[in-house]
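# Okay, structure incoming, though there's no sequence with it:
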Ligand code: ADP
Ligand code: MG
């Protein structure tokens with residue numbers, strides 16, 4: 001795979017795929033510009049190298065239609081405040097007007113294309129559309145890790161129609177960290193898995209079974225595993241149709257000799273509600289009218305102990321309903337344990353990242369992935385369509 005340093009960008013037209021899918025408020029103002037800022041090192045580097053920079057992103061889900069509220073106009077405005085160069089917003093991503101703009105692009109200007117997802121061909125990974133995106137383009141740079149698990153035209157097909165493709169700084173950093181956990185984890189390697197669904201995370205669990213020394217389970221997911229062992233979990237969230245699968249996974253944990261731990265105590269309440277009265281329970285059956293909403297203090301202690309000795313940690317999925325203070329303690333304490341360990345620590349997943357920021361320990365985590373789905377899929381499949389596309393072009 002090529003990286004930015006491997007190419008000479010001077011005078012080249014470079015198509016940079018970024019993830020500017022920022023949250024907007026009702027008036028269309030950007031609520032959080034983290035994603036724009038995250039792509040700046042790559043954009044600035046390319047400009048310093050005297051490349052002509054053409055930026056493309058998706059925003060929201062316009063579902064293949066031109067919908068003004070999904071225009072990149074606010075992004076264009078914000079970007080122009082963050083870089084000294086003039087930002088020109090193209091009226092579309094393809095077409096005569098865009099080609100003209102690509103041709104006349106000068107130094108000290110960047111061209112921001114409109115929302116890629118105004119065209120249904122984008123998510124269809126359509127090769128004709130990709131070819132049009134690649135018109136007047138020399139090199140392609142992917143700096144949008146958050147979409148690397150999607151085989152979309154601006155992520156995969158486009159690499160067929162440019163001279164060279166490379167990974168941007170953000171994508172490189174993600175690959176570097178996630179690869180460490182996958183291919184050369186320092187031992188002991190501890191994985192923490194939580195969140196709601198087992199079904200979302202089956203391939204991740206399967207991969208971790210082979211690699212991790214310990215897997216610590218929390219969140220609602222734990223109750224599907226408990227139920228698979230015949231325990232009465234009250235009204236806790238259970239994926240009834242995944243109970244057999246959970247049983248199979250439990251059997252595999254014994255074959256793989258991984259230390260697979262489920263919570264030893266629980267914070268239960270009648271509802272996942274701020275007003276609900278919490279109760280700590282350390283044996284089954286759980287009260288029939290209550291649901292498990294966080295891991296209990298004994299579990300926190302046990303998991304923290306294991307995390308203190310870990311040398312590599314991968315975490316996905318909150319330990320409880322962290323959005324509600326009453327049920328956020330387990331997640332917060334585990335975040336602190338991860339932060340305090342000497343391990344290389346990686347957090348993946350949208351809610352998991354939010355939980356770590358909320359816990360105030362994000363500075364002490366080695367890497368918080370910018371791609372929720374992408375990081376999980378990378379851990380599960382050891383590669384991603386967007387990364388494959390960069391590599392194939394290399395061969
Ligand atoms: P990520 O986005 O990091 O991959 P998930 O989306 O899988 O994480 O899970 C996050 C959600 O899981 C949170 O909204 C949280 O409230 C919920 N959750 C965690 N534990 C429980 C539980 N015991 N019962 C119900 N919901 C839970
Ligand atoms: Mg989530």
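All right, it came through fine. Because the structure is a prediction, the values reported are computed rather than measured. Residues are numbered from 1 along each chain as shown. Ligands and ions are numbered 1, 2, ... in the order given.
# What confidence value was assigned to the closest residue to residue 32 other than its chain neighbours?
Excluding its sequence neighbours, the residue lying closest to residue 32 (CB to CB, 6 or more residues apart in numbering) is residue 23, at 5.4 Å. Every C-beta, even on glycine, is put in place using the N, C-alpha and C of the backbone. On the pLDDT scale, residue 23 is placed at 92.
# I'd assumed residue 29 was in contact with residue 23.
No. Residue 23 is not in contact with residue 29 according to CB atoms under 8 Å; the separation is 9.9 Å.
# Ligand 1 contacts on the protein?
194-196, 200, 219-220, 237, 272, 292-293, 316-318, 320-321, 323, 349-352, 372 (CB under 6 Å from any ligand atom).
# Quick check: the residue of the stretch 151-300 of the chain nearest ligand 2.
Using CB to the ion, residue 195 is the residue of the stretch 151-300 of the chain that sits closest to ligand 2, at 6.4 Å.
# mind listing what that residue touches?
201, 219-221, 316-318, 349, 351-352 (CB atoms under 8 Å, 6 or more residues apart in numbering).
# ditto for residue 335
Counting by CB under 8 Å, 6+ apart, the residues that residue 335 touches are 355-356, 359, 361.
# element containing it, please.
Using DSSP states H and E, residue 335 falls within helix 329-340.
# Run the contact check for that helix versus ligand 2.
No. Against ligand 2, helix 329-340 shows no contacts by CB under 5 Å from the ion, the least distance being 13.0 Å.
# Now do the residue of the stretch 151-300 of the chain closest to ligand 2 against residue 359, distance only.
16 Å (CB to CB, to the nearest Å).
# and if you look at residue 291?
As judged by CB to CB, residue 291 and residue 359 stand 23 Å apart.
# Counting neighbours, which bits of stretch 337-356 end up buried?
By neighbour count with 16 or more other CB atoms under 10 Å, stretch 337-356 contains the buried residues 337-339, 341, 343-353, 355-356.
# no no, stretch 102-122
Buried residues in stretch 102-122, defined by neighbour count with 16+ other CB under 10 Å: 102, 105, 110-119, 121-122.
# nearest to ligand 1, of the residues you listed?
Checking the buried residues of stretch 102-122 against ligand 1 by CB to the nearest ligand atom gives residue 117 as the nearest, at 21.6 Å.
# pretty sure the closest one is touching residue 67, no?
No. Using CB under 8 Å, residue 117 is not in contact with residue 67, being 9.5 Å away.
# related to what we said a few turns ago, let's see the PyMOL selection covering just the buried ones among the residues of the chain next to ligand 1.
Selecting the buried subset of those in PyMOL, with 16+ other CB under 10 Å as the burial test, is done by:
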select buried, resi 194+195+196+200+219+220+237+272+292+293+316+317+318+320+321+349+350+351+352+372
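# Understood, closing this out.
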